[in-house]
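**Student:** Based on what follows, work out the 3D shape:
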Amino acid sequence: MATLSLAEVRRIADVRAPWCVTVYGDADAWLGSDRPSAAAEVQIRLVARALTDAAASERVIGGVRDRLEGAASSLRLAVAPLGHRPRSVGIFVTPEECDVFPLTTDAAPGVTVSDRFDVAPLVDAALSLTSRVFVLAASEDSARLIDVTAHPARSIDLEDPPAPPGIERETESEDERAAPGAHLSEEAMTRLRVYAEALIRHVAPVVQEAGAMLAIAAAEPLASMLEANVILHSVVPSQILPLAPGLAAADELDADQLADLAAPVVKEQTQRAREAERSRLSDTDPLLTLRDIASMEAGLREGARDTRLIDTPEPGTDAER
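**Tutor:** Predicted coordinates:
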């Protein structure tokens, strides 16, 4: 079983063979047992039927079927990249080889037979791994680091985190709630600043190693102190998540609730990663990318190009007219 990465996506995308079978299915159907599930068996039969319709030989059909049945029987302990819970699976089979990728995205179930693999859902899954978001849920009493791009959201172990500042909070008046920190003594504010700096220094290596964005879930004034230290030390990109009115601290939210809170940030990060990948592809050497229709057709006839991607405009737009 291979580990999903953009390099692996490119390797799969480059395969050209007479019988390339692509299967996307539910993770539980393919990874949940040591024998093929009913849903996996249905997809295996669909593959055999598609190969038969395409006039594949019995040797090809049997070879592909054996590899799919073997995959369904040997993937019970498979895990997705970075320890995330798999939601779907991508299987890429020829009569000679079989590659399986647990995916953290919900790839639509489907079966295709061609001279190349269908990698679109695989690309989507790989890009989702490049736009990770960690939430630092912190208060004066505790701190947690949550990977909200995992499915389900999961806590990341923080070894020997900084000790909480031990601030005794008194009952806040309405005016104090309107001015966060006004009820804290100068000594308490100083301890809180020291704690915020120590906390950012502690989580920064973990976040940076993962290439993640840091979202801060904390009440004021701690939230601003944490973000100030992120900016001061140029640690990682960050953003403060607004807590719901009446919520005293992020301690009151579990991992799934924090994931819901961070959902807009995760969506923005994923979109940014996709745009970056499109930009990278648009900057491809002109010798490798043709945009003129006549040049593309000539290249295809001569065998110089074997893939044609066409971006169609939205109906009714200026580009279409």
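**Student:** what residue is smack in the middle of the chain?
**Tutor:** Centroid check for the chain by C-alpha atoms, centre = their mean gives S128 as the closest residue, at 2.7 Å.
**Student:** what's the first-to-last distance across stretch 141-149?
**Tutor:** One end of stretch 141-149 sits 25 Å from the other (C-alpha to C-alpha, to the nearest Å).
**Student:** Only the buried residues of it, if you could.
**Tutor:** Buried residues in stretch 141-149, counted by 16 or more other C-beta atoms under 10 Å: A143, R144, L145, I146, D147, V148, T149. Quick note: C-beta positions are derived from backbone N, CA and C, even for glycine.
**Student:** which SS state does the second one fall under?
**Tutor:** Right, R144. strand (DSSP: H, G, I helix; E, B strand; the rest coil).
**Student:** Look at the closest residue to it other than its chain neighbours and report its pLDDT.
**Tutor:** Spatial nearest neighbour of R144, chain neighbours left out: A137 (4.7 Å); criterion: C-beta to C-beta, 6 or more residues apart in numbering. A137 is assigned 91 on the pLDDT scale.
**Student:** what's the strand or helix carrying A137 packed up against?
**Tutor:** In this structure, A137 sits in strand 133-138 according to DSSP states H and E. Applying 3 or more C-beta pairs under 8 Å, 6 or more residues apart in numbering; DSSP states H and E, one finds that strand 133-138 contacts strand 143-147, helix 186-210, strand 213-217, helix 222-232, helix 255-282.
**Student:** So for D251, what's the pLDDT?
**Tutor:** You'll see D251 listed with a pLDDT of 75.
**Student:** In contact with the residue lying closest to it once chain neighbours are set aside, which residues?
**Tutor:** Of all residues not flanking D251 in the chain, S139 sits nearest, at 5.0 Å (C-beta to C-beta, 6+ apart). Neighbour list for S139: A218, A219, L222, A249, A250, D251 [criterion: C-beta atoms under 8 Å, 6 or more residues apart in numbering].
**Student:** re earlier: any idea how far the strand holding A137 is from the chain center?
**Tutor:** 16 Å (C-alpha atoms, centre = their mean, to the nearest Å).
**Student:** Any chance you could give me it in PDB, C-alpha atoms only?
**Tutor:** Output of strand 133-138 as PDB, limited to C-alpha atoms (Å, rounded to 0.1, in the frame of the first residue of the first chain):
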ATOM      1  CA  VAL A 133      -5.000  23.500   9.800                       C
ATOM      2  CA  PHE A 134      -4.200  23.000  13.500                       C
ATOM      3  CA  VAL A 135      -6.300  24.700  16.100                       C
ATOM      4  CA  LEU A 136      -4.600  25.800  19.400                       C
ATOM      5  CA  ALA A 137      -7.400  25.700  21.900                       C
ATOM      6  CA  ALA A 138      -6.000  27.500  24.900                       C
END
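**Student:** what sits up against it?
**Tutor:** Residues from elsewhere that reach strand 133-138, judged by C-beta under 8 Å, 6+ apart: 143-149, 156, 199, 203, 206-207, 210, 212-218, 222, 226, 241, 250-251, 253, 258-259, 261-262, 265-266, 269.
**Student:** please redo it, this time with the cut-off set to 6 Å
**Tutor:** 144-149, 203, 207, 212-218, 250, 258, 262, 265-266, 269 (C-beta atoms under 6 Å, 6 or more residues apart in numbering).
**Student:** Also stretch 192-212?
**Tutor:** Under C-beta under 6 Å, 6+ apart, the answer for stretch 192-212 is 132, 134, 136, 143, 145, 161-162, 165, 214, 225-226, 229-230, 235-236.
**Student:** For that stretch, buried residues please.
**Tutor:** Those would be 192-193, 195-197, 199-200, 202-204, 206-207, 210, 212, for stretch 192-212 by 16+ other C-beta under 10 Å.
**Student:** Please enumerate the helices of the stretch 1-150 of the chain.
**Tutor:** With DSSP state H, counting those that start in this stretch applied, the stretch 1-150 of the chain shows helices at 6-13, 27-31, 38-53, 58-74, 120-129, listed in chain order.
**Student:** of all the ones you listed, which lies closest to R87?
**Tutor:** Taking C-beta to C-beta, helix 27-31 is the member of the helices of the stretch 1-150 of the chain nearest to R87, at 5.5 Å.
**Student:** Can you name every helix or strand that that closest one contacts?
**Tutor:** Contacts defined by 3 or more C-beta pairs under 6 Å, 6 or more residues apart in numbering; DSSP states H and E place helix 27-31 against helix 38-53, strand 88-93.
**Student:** From V9, how far off is the residue nearest to the centre of the chain?
**Tutor:** 12 Å (C-beta to C-beta, to the nearest Å).
**Student:** ditto for E58
**Tutor:** 32 Å.
**Student:** which strand residues sit across from the residue nearest to R144 in the sheet?
**Tutor:** Taking DSSP bridges as the rule, A137 bridges to R144, A217.
**Student:** so where's the stretch 51-200 of the chain shaky on pLDDT?
**Tutor:** In the predicted model, the stretch 51-200 of the chain carries pLDDT under 70 at residues 74-85, 130, 151, 167-183.
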